[in-house]
Structure formats: structure tokens, C-alpha cells
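Engineer: only geometry, no sequence info:
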């Protein structure tokens, strides 16, 4: 997430957000930057730039949101194999995958 923060390009365009210490000098200047109730109104020129990595994460998140948490078909197939006594555990594959995951951590 640090990469997203570094690429944010938000430029103050309103008098109340400028880097100087000056404040609007009149009521009309103040009313031009405040909406009803004193809340600030965003300018049309404010912008945020996301990195390509951030965009990929957003796409991945959207894809993952559409994948069901439980694969009922796979569960039923495994239950059937276990009930028939045909489910076989490939311990070599499990060990290989665990070792690969451990290597990727370093």
C-alpha cells in the first residue's frame, strides 16, 4: 500500500488548502469555497494517480469477490471418493508444495 501513497498527486487548488498561511479576506471569498453548512466543496481539478500495481490489486479483488468461498461440487466429489475408499493422498505432492512455499518465503 506504500506504493499507492507515494504516487498520489493531490494538488491544493482552493484558498483554504493552499500552502500559504493566508486565509480568505472577505465573506464572499469564504462562501465561494464553502458549501451550505460550512462543508468544503471539492474542486474539479483534484486528482489521485494509482500505480499499475494498485490497479492490478483492484482487478484481482474484483475477481476474488466473484469466486464462491466454498466449491460445493469439489466437496461432493471428494466425499464420494472417500465414501468409496478411492481417495488417495499424494504425500510426495504435499511435501513438494510445502517445500516450494517455504522457498518462496526466502
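Structural biologist: Noted; the coordinates are in hand. Just so it is clear, the model here is predicted, and its values are computed rather than measured.

Engineer: now the helices for this protein?
Structural biologist: 2-6, 27-33, 52-65, 72-84, 91-105 (DSSP state H).

Engineer: Just the mean pLDDT for the shortest one, thanks.
Structural biologist: Within the predicted structure, the mean pLDDT of helix 2-6 is 45.

Engineer: Next: the third one.
Structural biologist: When the per-residue pLDDT values of helix 52-65 are averaged, the result is 91.

Engineer: Report all helices and strands that that helix contacts.
Structural biologist: Applying 3 or more CB pairs under 8 Å, 6 or more residues apart in numbering; DSSP states H and E, we find helix 52-65 packed against helix 2-6. Every residue, glycine included, has its C-beta placed from N, CA and C.

Engineer: Looking at the helices of the chain, spot the one closest to residue 45.
Structural biologist: Closest approach to residue 45 among the helices of the chain (CB to CB): helix 27-33, 13.6 Å.

Engineer: Let me have the helices of the chain in TSV, extended by distance to residue 46 and mean neighbour count.
Structural biologist: Shown next, in TSV, are those (distance: least, CB to CB, whole Å; neighbours: other CB atoms under 10 Å):
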stretch	distance to residue 46	mean neighbour count
helix 2-6	16	10
helix 27-33	13	12
helix 52-65	18	10
helix 72-84	46	10
helix 91-105	40	9
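
Engineer: and these as TSV, adding distance to residue 45?
Structural biologist: Listed next are those as TSV, based on distance: least, CB to CB, whole Å:
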stretch	distance to residue 45
helix 2-6	20
helix 27-33	14
helix 52-65	21
helix 72-84	50
helix 91-105	44
